[in-house]
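Asks: pasting a predicted model and its sequence here:
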Amino acid sequence: MRTMSIPRLELQAAVLGTRLMDTVKREHSVAISDIVLWTDSKTVLRWIGSTHRRYKQFVGNRVAEILESTKVAQWRWVPTADNAADDATRSQCHVDLSQKSRWLGGPAFLRQPAGSWPQPEAGFKRVPDDNDEEEMPSEFSLVAANDFCISLQRFSSYSRLLRTTAWVRPRRTCWSDRHSGSDIRGLAPYIDGPGVLRAYGRVDAALCLPYSARRPIILSHKHSLTEMIVHHFHAKMKHQNVDATIAEIRTRFWITKLRRVLRKTISACNVCKLHRARAAPPIMGPLPKDRLEANGWPFKNTGLDYFGPLLVKVSRHTEKRWVALFTCLTTRAIHLELAHDLSTDSCIIAIRNFVCRRGPVHRLRSDNGKNFIGADREARRFGDVFESERIQRELSGRGIEWVFNCPVNPSEGGGWERMVQCVKKVLRYTLKEIAPRDHVLVSFLIEAENIVNGYHEVPP
């Protein structure tokens with residue numbers, strides 16, 4: 001079992017005494033003019049009267065609770081021989097517990113004038129080199145060599161702190177960091193004339209560089225001034241990456257564990273948070289029944305889309321051609337038809353050729369929004385390009401149901417948009433920005449159709 005040290009137990013007794021005092025004050029009806037608390041532990045008195053407050057969690061929390069209800073001047077030291085509280089822990093044969101004993105009546109010196117009480121100074125006396133295991137070790141310290149000091153906690157911006165310091169113009173400012181470890185030992189640190197801790201560098205002989213770049217100021221990564229400087233350079237570099245900001249900072253300062261400080265600054269920067277924010281993707285809607293039908297033939301349910309224009313060479317000039325892409329909504333197989341123009345007759349011919357070569361079609365889907373022909377100068381609707389009534393009569397005569405997708409839901413056409421992208425990628429490597437003739441373009445479309453559909457020759 002982990003045992004508690006005697007000084008910690010005595011500190012816990014002081015906490016119990018403080019709580020008992022609060023209870024008596026709260027429940028007592030008589031106004032109390034003054035309160036004195038006694039302890040025979042010089043260590044507890046030293047902890048209570050300390051000014052640095054660099055104690056570990058156990059001692060720090062209990063000292064803080066004591067000082068919330070009492071003042072340092074209320075605590076007095078009592079010699080162990082006069083401490084009546086110790087009678088409860090001694091052997092009963094050596095302790096007087098009668099009605100007239102000090103256990104019930106208190107120590108005898110309490111009946112004397114306050115001037116004859118044990119002096120509190122003896123409890124606060126401390127050897128300068130005495131080490132306290134309850135104190136937190138400090139790696140850095142900030143030392144001011146003059147009487148003038150500007151509170152860094154009052155500033156949130158390095159630029160404002162710099163302007164304020166320039167206006168006040170102290171007689172002599174001395175900033176120095178004293179490091180107890182070995183983080184800056186390899187930097188060959190030294191203190192210059194004004195008392196600033198600087199580092200020698202390998203570019204010390206480069207007189208073309210400013211003095212601050214050759215011998216940067218060493219700063220601790222734990223100080224609030226360092227955080228302001230890093231935030232200033234992060235904003236000055238327009239929120240660039242870590243390496244670019246570090247290179248700019250080291251032209252003037254050498255900050256220990258700079259990457260850690262910079263990552264902390266970036267994670268807390270509101271501008272960077274907005275840049276890193278990503279919109280949550282919307283939940284995709286359910287697929288239509290046409291794409292989930294298990295029993296059926298290829299191209300029973302088909303999607304239609306146009307892409308282009310593609311340039312072809314006719315005589316000595318070039319003309320535009322479009323490609324009508326038919327895709328099976330179930331198997332994703334495609335069929336490509338070359339359309340000479342964006343006319344209704346050309347569209348009807350492409351549909352008739354497709355039906356004659358691929359078999360009957362039960363349902364034909366197409367876009368109805370502005371994204372039907374997106375590669376043209378202006379995206380247009382299906383009804384703005386073709387005569388819908390004529391095409392409807394042609395499809396009805398062949399027993400084909402024609403369905404338009406919702407204009408405000410372009411994701412419903414993702415089935416054929418993906419196929420258009422695959423065909424364009426194949427044509428990009430075959431056409432190579434060359435305007436072929438019509439029959440050559442038809443050959444390229446057949447080859448692209450074969451590649452996308454996955455029809456390959458089986459080797460003998």
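Replies: Received the coordinates, thanks. Residues are numbered from 1 along each chain as shown.
Asks: what sits against residue 87?
Replies: By CB atoms under 8 Å, 6 or more residues apart in numbering, the residues touching residue 87 are 95, 97, 101-103. Bear in mind the C-beta positions are built from the backbone N, C-alpha and C, glycine included.
Asks: ok, of these, which come out buried?
Replies: Neighbour-count burial (16 or more other CB atoms under 10 Å) applied to the contacts of residue 87 gives 102-103.
Asks: ok, of the contacts of residue 87, which one's closest to residue 440?
Replies: Closest approach between the contacts of residue 87 and residue 440, by CB to CB: residue 103, at 116.0 Å.
Asks: what average pLDDT does the helix or strand hosting residue 303 get?
Replies: Secondary structure assignment for residue 303, by DSSP states H and E: strand 301-314. Strand 301-314 shows a mean pLDDT of 89.
Asks: try stretch 407-427
Replies: Computed over stretch 407-427, the average pLDDT equals 81.
Asks: quick one: least confident helix or strand in the chain?
Replies: Using mean pLDDT, DSSP states H and E, the weakest-scoring helix or strand in the chain turns out to be helix 121-124, at a mean of 48.
Asks: just checking, what packs against the biggest helix by length in the chain?
Replies: In the chain, assigned by DSSP state H, the helix with the most residues is helix 6-27. Contacts defined by 3 or more CB pairs under 8 Å, 6 or more residues apart in numbering; DSSP states H and E place helix 6-27 against strand 37-39, helix 42-48, helix 57-69.
Asks: buried sites along that helix?
Replies: So helix 6-27, judged by 16+ other CB under 10 Å, has buried residues 7-8, 10-11, 14-15, 17-18, 21.
Asks: how about the residues you listed in TSV, adding pLDDT?
Replies: Output for the buried residues of helix 6-27, formatted as TSV (pLDDT from 0 to 100):
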residue	pLDDT
7	91
8	91
10	91
11	93
14	93
15	94
17	93
18	94
21	93
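Asks: check residue 148 and give its pLDDT.
Replies: We have a pLDDT of 51 for residue 148.
Asks: any idea how far the longest helix of the chain is from the chain center?
Replies: Averaging C-alpha positions (CA atoms, centre = their mean, to the nearest Å) puts helix 6-27 44 Å from its chain's average.
Asks: got the CA coordinates for it in CSV?
Replies: What follows is helix 6-27, C-alpha atoms only, in CSV (Å, rounded to 0.1, in the frame of the first residue of the first chain):
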residue,chain,number,x,y,z
ILE,A,6,3.8,12.8,7.8
PRO,A,7,3.8,16.4,6.3
ARG,A,8,0.8,15.5,4.1
LEU,A,9,-1.1,14.0,7.1
GLU,A,10,-0.4,17.2,9.1
LEU,A,11,-1.6,19.3,6.1
GLN,A,12,-4.8,17.2,6.0
ALA,A,13,-5.3,17.9,9.8
ALA,A,14,-5.0,21.6,9.0
VAL,A,15,-7.7,21.2,6.3
LEU,A,16,-10.0,19.5,8.9
GLY,A,17,-9.3,22.3,11.3
THR,A,18,-10.3,24.9,8.7
ARG,A,19,-13.5,23.0,7.9
LEU,A,20,-14.3,22.8,11.6
MET,A,21,-13.8,26.6,11.9
ASP,A,22,-16.2,27.2,9.0
THR,A,23,-18.8,25.0,10.6
VAL,A,24,-18.5,26.7,14.0
LYS,A,25,-18.8,30.2,12.4
ARG,A,26,-21.8,29.1,10.3
GLU,A,27,-23.7,27.4,13.2
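Asks: now do it against helix 57-69, angle only.
Replies: 30 degrees (axes from the mean of the first three to the mean of the last three CA atoms, to 10 degrees).
Asks: so the residue positioned nearest the centre of the chain is in which element?
Replies: With distances taken as CA atoms, centre = their mean, the residue of the chain nearest its centroid is residue 267 (4.0 Å). Using DSSP H and E, residue 267 maps to helix 258-268.
Asks: residues making contact with the longest helix of the chain?
Replies: Contacts for helix 6-27 (CB under 8 Å, 6+ apart): 4, 32, 35, 37, 39, 41, 43-44, 47-48, 58-59, 62-63, 65-66, 69-70, 75, 85, 134.
Asks: among the residues you listed, which ones are buried?
Replies: Buried among the contacts of helix 6-27 by 16+ other CB under 10 Å: 37, 39, 41, 43-44, 47-48, 59, 62-63, 66, 70, 75, 134.
Asks: export these to JSON lines and tack on pLDDT and distance to residue 336?
Replies: Formatted as JSON lines, those follow (pLDDT from 0 to 100; distance: CB to CB, whole Å):
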{"residue": "37", "pLDDT": "91", "distance to residue 336": "95"}
{"residue": "39", "pLDDT": "91", "distance to residue 336": "95"}
{"residue": "41", "pLDDT": "89", "distance to residue 336": "94"}
{"residue": "43", "pLDDT": "90", "distance to residue 336": "91"}
{"residue": "44", "pLDDT": "91", "distance to residue 336": "91"}
{"residue": "47", "pLDDT": "91", "distance to residue 336": "87"}
{"residue": "48", "pLDDT": "92", "distance to residue 336": "89"}
{"residue": "59", "pLDDT": "91", "distance to residue 336": "82"}
{"residue": "62", "pLDDT": "91", "distance to residue 336": "83"}
{"residue": "63", "pLDDT": "92", "distance to residue 336": "84"}
{"residue": "66", "pLDDT": "93", "distance to residue 336": "87"}
{"residue": "70", "pLDDT": "93", "distance to residue 336": "91"}
{"residue": "75", "pLDDT": "91", "distance to residue 336": "94"}
{"residue": "134", "pLDDT": "82", "distance to residue 336": "83"}
